[in-house]
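Novice: below are the sequence and a predicted model; questions follow.
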Amino acid sequence: MLARELVKNLKEVCSNRGVLTGDGRTAYYRSGFRSGSGYALAVVFPESLLQLWRVLEVCVEGNCAIVMQATKTGLTEGSTPSGFDYDREVVVVNITRIKKIILLDGGKQAIVFPGSTLHELEQELRKVNRMPHSVIGSTTIGATVVGGIANNAGGALCKRGSSYTELSLFARVDKEGKLKLVNHLGINHLGETPEEIFSTLETESFCSDDICDMEKAASDRDYSDRIRNINADKPNRYNADPSRLYEVSGSAGKVAAFAVRVDTYPMPEEKQVFFLGTNNPDQLGFLRRQILKQFRELPEMCEYMNREIFDTAKKYGKDIFLSIKHIGTKRLPRLYAFKSSLEYYLNKIPFIPKFLPDQILYYLSRLFPEHLPNRLLDFRDRFEHYLILVMSDEGINEAREYLESEWSKMDGSDFFECSQSEQEAALMHRFAAAGAAIRYQTVHQRKTEEVLALDIALLGSDQQWMEELPEEINRHLDLSLYYGHFMCHVFHHDYIFKKGTDVHAIKALLLKNLDAKGAKYPAEHNVGHMYEADECLQKFYRELDPTNTFNPGIGGTEKQSRITVS
């Protein structure tokens, strides 16, 4: 199909308003959140499930490569085209306009359409005193529920694991090149044809008796047992875990999701944040094993930071902290999107520094007074390693008693119970850490290379969790920042190298060391176009998408069509 005819057919489905063409108009949607970009003939914005189906029909008929895209918050370039070497036209299908959330059984589960965000689900569930899978991080920057499931994302909350469901409605292209709708949503009497199914869902024309397949998982339900295995010879969670690859879950855009059914969680009656400090990382490792082995109640969350990331986030993540505090999470996704779009156009102007809005925000934030409470700053001065331990309900006293009787008596360690303002500050500071390395590099781009960010899952039994880098790497480092989800042993390592460092060579050395430890990577950001998918993951992709129609090239796989032309 000629490009001109293809665009015409797409506009017949979505109108001129719903189809963008031309390099300038599509540029933002062809570039990743942090890095990566590629070619696309058009970016299409369907506004209903039926429009999405019709768009896919046009693309499959035209033998296009289809890149499914939501809010573009992925950090490994997986939601945009990659490069300009595709063997056919590429169409980006952005599903952010297709929004709907249907609560089931009083909110114990939810059916979520592809454009609905975690933040929107969180707001809806608050009405029934329940919570979604994620409550910070991807929630704040506007990530969609479907996007999280497609990438097995998340897991900061100790009781919930990665995003996962076995109940979904999705489209795939079979080995004959035919578009098929697969209805595994677990709702009876939705209809037989795509048109009937979409209409029933959008009008909610089904009753509670139609809900079935309760035995199928709508979350990672055995995670809380898995995380307690401190002798495990494999990580608790990572993107390519074969036991968590199921249809839409872990699909990385190799199918088109129309709706997913997910579990929700009761909201705790009470929460308490404990802030811990130590100069001996082995004591943190001992604490982890004690909590997982002996505590009746798991923490809600347990986040680690080292002193370097504490300081970097304090200085270079201050505007993020202040934005969350004073603007609120509801408006942040739009502001992120506007800033990213503005940056793209400003970066094209030769005499303007790269990522100018980030630099302006950094210097503006310095005009504001100190934003962190005194007790957090005191612990920063006294200790090199910190834990933000969040307990709820019955677990609060359990943690308090242990910390008073055991932790506080260890040499070089201490803790305090956060007040309401202190716990909000501690959690916002931890969130700000996620973007601090990027901001540091942006401000100091003349003396540093781009950030090398790794998210790593260590073995459940690994007691040597603190990395010790050899001199051949250390001498190239400007900063090494460590933070992460401590109980599940998933860590974020952000390395900022001095100008002139061969980052690809250093990355190879780092990954070699991780391989020797049996670690898995990426742990929660998926392979995107920055990592090689292992054979198990490639096999899963090929089974989902035998013709290589959706997101070709993901995980270092081939980009060429596998449709046989007779």
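Specialist: Structure received.

Novice: burial of S392, as a residue count?
Specialist: By the criterion of other CB atoms under 10 Å, S392 has 19 neighbours. Glycine gets a C-beta too; all of them are placed from N, C-alpha and C.

Novice: so who does the closest residue to it other than its chain neighbours touch?
Specialist: Closest residue to S392 apart from its sequence neighbours, by CB to CB, 6 or more residues apart in numbering: P268 at 3.6 Å. Residues near P268 by CB atoms under 8 Å, 6 or more residues apart in numbering: E300, S392, D393.

Novice: hang on, isn't the last one packed against E297?
Specialist: The reference is to D393. Yes - in this structure D393 lies within contact range of E297 using CB atoms under 8 Å: 7.3 Å.

Novice: how much space is there between the nearest residue to V527 once chain neighbours are set aside and C158?
Specialist: In space, and not counting its chain neighbours, V527 is closest to G555: 4.0 Å by CB to CB, 6+ apart. Computed as CB to CB, to the nearest Å, the G555 to C158 distance reads 28 Å.

Novice: same question for V262.
Specialist: From V262 to C158 the distance is 18 Å (CB to CB).

Novice: name whatever forms a beta bridge with I111.
Specialist: For I111, the beta-bridge partners are I102, R261 (DSSP bridges).

Novice: pretty sure it sits against L185.
Specialist: Yes - the pair I111 and L185 qualifies as a contact (CB under 8 Å) at a distance of 7.1 Å.

Novice: now V43: which helix or strand?
Specialist: strand 42-44 (DSSP states H and E).

Novice: given that strand, what are its sheet partners and their directions?
Specialist: Per DSSP bridges, strand 42-44 is paired in its sheet with strand 19-21 (antiparallel), strand 90-94 (parallel).

Novice: got any ranges where the stretch 101-250 of the chain has weak pLDDT?
Specialist: 136-141 (pLDDT under 70).

Novice: again, only this time at 90
Specialist: Scanning the stretch 101-250 of the chain for pLDDT under 90 picks out 118-119, 133-143, 152-157, 160-162, 239-240.

Novice: for it, which segments count as strands?
Specialist: 101-104, 109-112, 130-131, 168-173, 179-184 (DSSP state E, counting those that start in this stretch).

Novice: for the stretch 301-450 of the chain, same thing?
Specialist: 301-306, 385-392, 413-417.

Novice: as CSV, these with distance to L509 would be great.
Specialist: Below are the strands of the stretch 301-450 of the chain laid out as CSV (distance: least, CB to CB, whole Å):
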stretch, distance to L509
strand 301-306, 21
strand 385-392, 25
strand 413-417, 33
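
Novice: could these be laid out in JSON lines, adding mean pLDDT and distance to C536?
Specialist: Shown next, in JSON lines, are the strands of the stretch 301-450 of the chain (pLDDT from 0 to 100; distance: least, CB to CB, whole Å):
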{"stretch": "strand 301-306", "mean pLDDT": "96", "distance to C536": "29"}
{"stretch": "strand 385-392", "mean pLDDT": "97", "distance to C536": "33"}
{"stretch": "strand 413-417", "mean pLDDT": "97", "distance to C536": "41"}
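
Novice: could you give the number of residues near the residue lying closest to E247 once chain neighbours are set aside?
Specialist: Spatially, and ignoring its direct neighbours in sequence, E247 is nearest to S168 (5.8 Å; CB to CB, 6+ apart). For S168, the number of neighbouring residues by other CB under 10 Å comes to 28.

Novice: my guess is S168 contacts G186. True?
Specialist: No - contact between S168 and G186 fails when scored by CB under 8 Å: they sit 9.0 Å apart.

Novice: local confidence estimate at C59?
Specialist: pLDDT for C59: 97.

Novice: and it, what element?
Specialist: Going by DSSP H and E, C59 is part of helix 49-61.

Novice: contact partners of the helix or strand that that helix is followed by?
Specialist: Following helix 49-61 in sequence order, the next helix or strand is strand 65-69 (DSSP H and E). Contacts to strand 65-69, defined as CB under 8 Å, 6+ apart, come from residues 29, 40, 43, 56, 59-60, 79-81, 86, 88-95, 150, 253, 256-257, 548-552, 559, 561.

Novice: show me which of these are buried.
Specialist: 29, 40, 43, 56, 59-60, 79-81, 86, 88-95, 150, 253, 256-257, 548-552, 559, 561 (16 or more other CB atoms under 10 Å).

Novice: and stretch 97-105, which residues are buried?
Specialist: R97, I98, K100, I101, I102, L103, L104.

Novice: repeat that for stretch 43-61.
Specialist: Those would be 43-56, 58-60, for stretch 43-61 by 16+ other CB under 10 Å.

Novice: please report the distance of the residue nearest the centre of the chain from D455.
Specialist: Central residue of the chain (CA atoms, centre = their mean): A153, 4.6 Å from the mean position. Applying CB to CB, the value for A153 to D455 is 10 Å.

Novice: now the phi/psi pair for G36, please.
Specialist: Main-chain dihedrals, G36, degrees, to the nearest 10: phi 90, psi 140.

Novice: how close does it get to L511?
Specialist: The value you get for G36 to L511, if CB to CB is used, is 19 Å.

Novice: which of these two has more neighbours?
Specialist: Ranked by neighbour count (other CB under 10 Å), G36 and L511 place G36 first, with 21 against 16.

Novice: OK, contacts around the more buried one?
Specialist: E77, T80, S82, G528, H529, M530.

Novice: which SS class is the second one?
Specialist: Under DSSP: H, G, I helix; E, B strand; the rest coil, T80 falls in the coil class.

Novice: could you check how far it is from G435?
Specialist: Taking CB to CB, one finds T80 at 19 Å from G435.

Novice: between the contacts of G36, which is closest to K348?
Specialist: Distance ranking of the contacts of G36 against K348, using CB to CB, places T80 first at 17.0 Å.

Novice: pretty sure the closest one is touching A27, no?
Specialist: No - assessed by CB under 8 Å, T80 is found out of contact with A27, at 10.6 Å.

Novice: overlap in contacts, these two.
Specialist: S37.

Novice: show me what the helix holding C59 is packed against.
Specialist: helix 3-14, strand 65-69, strand 90-94, strand 168-173, strand 179-184, helix 194-202, strand 256-263 (3 or more CB pairs under 8 Å, 6 or more residues apart in numbering; DSSP states H and E).

Novice: can you redo those as CSV with distance to V503?
Specialist: CSV is the format used below for these (distance: least, CB to CB, whole Å):
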stretch, distance to V503
helix 3-14, 37
strand 65-69, 26
strand 90-94, 28
strand 168-173, 37
strand 179-184, 41
helix 194-202, 46
strand 256-263, 34
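
Novice: so for L376, which of those sits nearest?
Specialist: Nearest of the helices and strands packed on helix 49-61 to L376, taken as CB to CB: strand 256-263 at 33.9 Å.

Novice: the closest residue to S341 other than its chain neighbours: how many residues sit nearby?
Specialist: Distance criterion CB to CB, 6+ apart; nearest residue to S341, sequence neighbours excluded, is Y28 at 4.7 Å. For Y28, the neighbour count with other CB under 10 Å is 19.

Novice: gap between Y28 and I360?
Specialist: 19 Å.

Novice: more neighbours: I111 and L185, which one.
Specialist: Set I111 next to L185 and count neighbours by other CB under 10 Å: I111 wins out with 25 against 22.

Novice: and the more buried one, how far from G147?
Specialist: On the measure of CB to CB, I111 and G147 end up 16 Å apart.

Novice: and F355, by the same measure?
Specialist: 24 Å.
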